[in-house]
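**Student:** Give the three-dimensional model of this entry:
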Amino acid sequence: MRRQVRAFAVTVGVLAALGAVAGLTWSWVAPRAPYLPTDRGLILADPTTQALIAADGWFAIITGVLGLACGMVAWWRGRETGLAVVLGLAAGGVLASFVTYWVGTRFTVGAATVAAAAPGLDVVGGLDLTTQSVLVSWAFMALAVYAAIEGVLLYRRSPLRQPYGAQPYNGGIARLPE
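**Tutor:** From the prediction side, this is the model:
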């Protein structure tokens, strides 16, 4: 039992730490929308900008690729503690996405932010997500790749692969009856 708890905690901790790196990466590569300061607050300088959607896309790409990598590494390293690692991928993936979001919105790495600007000057806005559904991309991709690898390997070992009464698979080598 102690081994499973440790595997769960290590999985969640590693994914959360990777979330901080992913947040800085997202802050560096994602575009920011320009805003105009007015007496009523900031408004979008260009209402047709695609920068808000592109920020969501970069978040999904970064967290999805890391989810794929984490799922493969978790399957390779955590086969003995299967369920604990799977639960760690689920919880750690969601936690890592929230850490990525928090770090990416709090720290500006790529573009300069202007705190106070004179009216009429463009201000580069901060990052934010317009859709919250991308927050599950890390956990979803990690669990999907883990399940796909496990499913393929279980299928290859399954006796159900052979039709009833058929000879076992011999690696594709044709043999003549004796």
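**Student:** Now for residue 12: which residues touch it?
**Tutor:** 88, 91-92, 95 (C-beta atoms under 8 Å, 6 or more residues apart in numbering). All C-beta atoms are positioned from the backbone trio N, CA, C, and that covers glycine.
**Student:** Out of those, the closest to residue 37 would be?
**Tutor:** Relative to residue 37, the closest of those is residue 95; by C-beta to C-beta it sits at 35.4 Å.
**Student:** neighbours around that closest one, how many?
**Tutor:** Look at residue 95: counted by other C-beta atoms under 10 Å, it has 18 neighbours.
**Student:** Wait, it touches residue 18, no?
**Tutor:** No: between residue 95 and residue 18 there is no contact, the gap being 10.3 Å when judged by C-beta atoms under 8 Å.
**Student:** Do you have the helices of this structure handy? List them.
**Tutor:** Secondary structure of the chain (DSSP state H): helices at 2-29, 51-77, 82-106, 137-157.
**Student:** Could you check how far the nearest residue to residue 144 once chain neighbours are set aside is from residue 130?
**Tutor:** Nearest residue to residue 144 in three dimensions, chain neighbours excluded: residue 71, at 7.0 Å (C-beta to C-beta, 6 or more residues apart in numbering). Separation of residue 71 from residue 130 (C-beta to C-beta, to the nearest Å): 26 Å.
**Student:** These two: which is more packed in?
**Tutor:** residue 71 (26 against 9).
**Student:** looking at it, the more buried one is touching residue 145, isn't it?
**Tutor:** Yes: using C-beta under 8 Å, residue 71 is in contact with residue 145, at 3.5 Å.
**Student:** Since that was my last question, I'll sign off now.
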